[in-house]
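Chemist: Prediction below, plus the sequence it came from.
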Amino acid sequence: MYTIPFNFCRYSGDEIVYNPIPLQGKRKWICATRVPYGKTVEETFKQIFSQLPNSDLLFDGCTDENKEFLKAYGYNAITFGKEAIIDLAKNEFQKKSLKELIKRGKRHGSVEEIKYSENNEKKLQEFFIQTSHGREPRLENLFATVFKPYHRLFVLKKDENWISAIMLSFKHEKFMQTELILRNSKAPVGVMEALINEILIQLKKEGFEYWSLGAVPFIDYNSKFLSLSWFFNSIGRKIKFAYNYKGLFNFKNKFNPIWQPYYLCYKNRLNPIQIFQLSQKSNLNKLIVHNILTKLGFNYGK
């Protein structure tokens, strides 16, 4: 399963495209990376190195293989969490409780793949607002939040009303990954499980081998005490009130995925200012403040 980091995606273009977000000093966080199908992971990293030769680069969502490749170029790694990967050749939802949720969810609508258009992208953004966290500050630069031609979007809907939605991108031709998992705040129980089940059936029919349900941060419990990995995961678990990593893990774990560690890989020392800037550029700091003020009874906007 040697593939690109999960915050990269494949597309049918000819050029490697990415957004180098500047942080303090020479640090640049490489985000929103699109890789042509014909480019290898190694070629992608090497091209970014050559285009930004005087920068201290940072890559998020790296696999074990990515980490080992980057290590040869002097990169350090922080274990940041785990990615939930479904082996489509083996995985069948056998749990009785999960089957019951799927059955209940199917009663509330039908699943449809939505083709890309500007109008459908607008509908997705409107649907965001209807979700449980739709009025909170939205996380940025960690995964795709805008529907593009190189994504796939599936929705469970009744009539023309979307109830749940999942947006996917390509890791490679036989490997899909999840960018967004959205559910209407008033959606009945089981609609997300029903949608995931129908997507899984469709991907199997199309010959896909793996499907990543996405990552869950802060669930590495084995890092060396007082290491940078230990620090990131410990602090992250303390902001569960703002980002419910545990609920996200429990939801994804019910589908019996393979849990693979993922890493934040960086060149040279990562200093406290740059760490704080990561929370700024990802909007995590705004999400934390929003939840604190909400608990205190203040009406805090985005």
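Modeler: Sure thing, it's come through.
Chemist: Who does the nearest residue to Lys267 once chain neighbours are set aside form a beta bridge with?
Modeler: Spatial nearest neighbour of Lys267, chain neighbours left out: Asp56 (4.6 Å); criterion: Cβ to Cβ, 6 or more residues apart in numbering. Placement of C-beta: from N, CA and C, glycine included. On the basis of DSSP bridges, Asp56 is bridged to Arg27.
Chemist: got a list of what Asp56 touches?
Modeler: 25-28, 266-268 (Cβ atoms under 8 Å, 6 or more residues apart in numbering).
Chemist: State the distance from it to Trp29.
Modeler: Computed as Cβ to Cβ, to the nearest Å, the Asp56 to Trp29 distance reads 10 Å.
Chemist: Asn250 now?
Modeler: As judged by Cβ to Cβ, Asn250 and Trp29 stand 29 Å apart.
Chemist: Specify which residue of the two has the higher count of neighbours.
Modeler: Trp29 (22 against 11; other Cβ atoms under 10 Å).
Chemist: which stretch of helix or strand covers that one?
Modeler: Per DSSP states H and E, Trp29 falls inside strand 27-36.
Chemist: and if you look at Ser212?
Modeler: Using DSSP H and E, Ser212 falls in strand 210-217.
Chemist: thinking again about what came up before, avg pLDDT for the strand holding Trp29?
Modeler: Averaging pLDDT along strand 27-36 gives 97.
Chemist: Name the next helix or strand downstream of the helix or strand where Phe231 lies, please.
Modeler: Taking DSSP H and E as the definition, Phe231 sits inside helix 228-237. Once helix 228-237 ends, the next helix or strand along the chain (criterion: DSSP H and E) is helix 245-253.
Chemist: now the angle from that following helix to helix 228-237?
Modeler: Here helix 245-253 runs at an angle of 100 degrees relative to helix 228-237 (axes from the mean of the first three to the mean of the last three Cα atoms, to 10 degrees).
Chemist: Off-centre distance for helix 245-253?
Modeler: 13 Å (Cα atoms, centre = their mean, to the nearest Å).
Chemist: before we move on, back to that, please spell out which residues along the helix holding Phe231 are buried.
Modeler: 228-230, 232-233, 236 (16 or more other Cβ atoms under 10 Å).
Chemist: do stretch 47-58 as well
Modeler: Here stretch 47-58 shows 48, 55-58 as buried, counting by 16+ other Cβ under 10 Å.
Chemist: Looking at those residues, spot the one nearest Leu98.
Modeler: Leu58 (37.2 Å; Cβ to Cβ).
Chemist: Who are the contact partners of that closest one?
Modeler: Applying Cβ under 8 Å, 6+ apart, we find Leu58 in contact with 23, 27-30, 264-267, 270, 274.
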